[in-house]
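Student: Need coordinates for the following:
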Amino acid sequence: MDAVEARETYHVTRNGVEVAERHRNPPKVDHARRRQEADESFGDEDRVGDSDP
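Tutor: The predicted structure follows:
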C-alpha cells in the first residue's frame, strides 16, 4: 500500500495474469471537451440540463 500512497501504479494479478491496473489518482478529464465530443456524435437536443460542467 505504500506504493499506492506514493501515487504509483500497481497491478492486480490472478494466477500470474494481470486482471487490473490501479492508480491512486486517476487522470484528469476535460469535461467540456467530452461534452463537445458527445454533442458532435449524439446531438444536444435531448440533453437533460446545461448546468453540468
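
Student: Tell me where the model's unsure across this structure.
Tutor: Where the chain drops to pLDDT under 70, the residues are 1-7, 23-26, 49-53.

Student: quick check: longest helix of it.
Tutor: helix 31-42 (DSSP state H).

Student: for that one, packing partners?
Tutor: Here helix 31-42 touches no other helix or strand, going by 3 or more C-beta pairs under 8 Å, 6 or more residues apart in numbering; DSSP states H and E. Heads up, the C-betas are built off the backbone N, CA and C, glycines and all.

Student: Alpha carbons of it, as PDB, please.
Tutor: Extracted C-alpha coordinates of helix 31-42, given in PDB (Å, rounded to 0.1, in the frame of the first residue of the first chain):
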ATOM      1  CA  HIS A  31     -15.400  17.700 -19.200                       C
ATOM      2  CA  ALA A  32     -16.100  20.500 -21.700                       C
ATOM      3  CA  ARG A  33     -14.200  18.500 -24.400                       C
ATOM      4  CA  ARG A  34     -16.100  15.300 -23.500                       C
ATOM      5  CA  ARG A  35     -19.400  17.100 -23.700                       C
ATOM      6  CA  GLN A  36     -18.400  18.600 -27.100                       C
ATOM      7  CA  GLU A  37     -17.500  15.200 -28.400                       C
ATOM      8  CA  ALA A  38     -20.800  13.700 -27.200                       C
ATOM      9  CA  ASP A  39     -22.700  16.600 -28.800                       C
ATOM     10  CA  GLU A  40     -21.000  16.000 -32.100                       C
ATOM     11  CA  SER A  41     -21.800  12.300 -32.000                       C
ATOM     12  CA  PHE A  42     -25.300  12.300 -30.500                       C
END
